[in-house]
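Colleague: how would this look folded up:
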Amino acid sequence: MTVAQRGFLLGVLVVLGFLIYLLGPVLTPFLVSMVLAYLGDPIVDWLERRGLGRTLSVCIVFLLVSLIFIVALLVVIPGLVKQVRIAIELLPTLGHWMQATLVPKLSEYADLPPDLFNLKDLSTRLSGHWNEGGGVLKQVSHAVSGSTMAMAGFLANAFLVPVVTFYLLRDWDHMVHNIGLMIPRNLAPTVIGLAKQCDEVLGAFLKGQLMVMLLLGLTYGVGLWMVGLQFALLVGLVAGLASIVPYMGFIVGIGIAMVMAVFQFDSFWQIASVVGVFVVGQALEGMVFTPLLVGDRIGLHPVAVIFAIMAGGQLFGFAGILLALPVAAVIMVLLVHLYGNYKGSHLYHASDKS
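Modeller: Just a heads-up that it's a prediction; the model follows:
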């Protein structure tokens, strides 16, 4: 890379970062569309290899995604909201049980005063806030509907995401090809090689780990529902989302489910069945889901995932969260590349010549 190319690249990165910082709220629907197009492009390419045209393939993918979205709106989301409402309404009862049963037992082993955890009052306050939520929601709805600009912005984003996603998905391969032609010819082999590595890393996470999260959430939710746990859908959703960090979903999910199971069930075997659901889910993740969907490709380290999401949100808000994982994947590949160059440079081997 020449000195002029280095200066130009640095200038492009600075300008790009500054524009993202300034245009974060405006860029959100476009970034969402880019992520959706990136995830949908392999499916469209697969349909193209089966002899379908690009536009027809995109329409088929859009139809499938729309059906999934409609099912989620009509079935999953109402059931989830209902379970959240019931869970919050039961908080006083759960708090009373913990105060009367769990806390005294913990106090015996830890030598703690029984009234140290005032869980009953806390749960009653939370339940009261939920009961008042209807009035709050009405106020928020009135404020939003009274703001023409806010409502127009919401409708514009809701309309832009599918439209922009459609055009990005239709022209994705063409845009990638044109971007490749813009790379300086002396840098093209290295940049294309790094881009392929970035795609492998990002694909291993987004195209693989997100599918693992979905399957784990379904496995936990259906399994807990079969066991008879009252809040199976809610616990399964939380465990699936927490699985964005490996093993975190298992830890968070089984912790919440065990509290619910001890509160709900009297039988030891029903409680053991809840544990069995998570053991089976973890076994499926390790032996089926991850090998099949992620394989042996290098993914993002769990610590890198957590730090990237937090740093992106802190620096650029919601747009930064959307960019966090792609940028983290690129940075990781570049660091590996720089480390290899450093190991082969005179800076690393200087002591051999002294």
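
Colleague: and the longest helix seen in the chain, how far from the chain's centre?
Modeller: Using DSSP state H, we find that the single longest helix of the chain is helix 302-343. The chain centre lies 15 Å from the centre of helix 302-343; the measure is Cα atoms, centre = their mean, to the nearest Å.

Colleague: against which helices or strands is it packed?
Modeller: Applying 3 or more Cβ pairs under 8 Å, 6 or more residues apart in numbering; DSSP states H and E, one finds that helix 302-343 contacts helix 3-22, helix 24-49, helix 188-202. C-betas here are computed from N, CA, C, even on glycine.

Colleague: distance from the chain centre to the second one, please.
Modeller: What separates the centre of helix 24-49 from the centre of its chain is 15 Å, taken as Cα atoms, centre = their mean.

Colleague: which residues touch the helix or strand just after it?
Modeller: Later in the chain than helix 24-49, the nearest helix or strand by DSSP states H and E is helix 54-71. For helix 54-71, the surrounding residues in contact (Cβ atoms under 8 Å, 6 or more residues apart in numbering) are 40, 43-44, 47-48, 52, 162, 166, 169-170, 173.

Colleague: returning to what we had before: redo the helices and strands packed on helix 302-343 as TSV? Include distance to Leu210, mean pLDDT and mean neighbour count.
Modeller: Shown next, in TSV, are the helices and strands packed on helix 302-343 (distance: least, Cβ to Cβ, whole Å; pLDDT from 0 to 100; neighbours: other Cβ atoms under 10 Å):
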stretch	distance to Leu210	mean pLDDT	mean neighbour count
helix 3-22	23	84	11
helix 24-49	8	84	17
helix 188-202	11	83	15
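
Colleague: closest to Gly253 out of those helices?
Modeller: With Cβ to Cβ, the closest approach to Gly253 among these belongs to helix 24-49: 24.5 Å.

Colleague: quick one on the thing from earlier: which one of the contacts of helix 54-71 sits closest to Leu73?
Modeller: Pro162 (14.4 Å).

Colleague: could you report the neighbour count for the closest one?
Modeller: 15 (other Cβ atoms under 10 Å).

Colleague: next: the one 3 residues further on.
Modeller: Here the neighbour count serves as a burial measure; for Thr165 (other Cβ under 10 Å) it reads 24.
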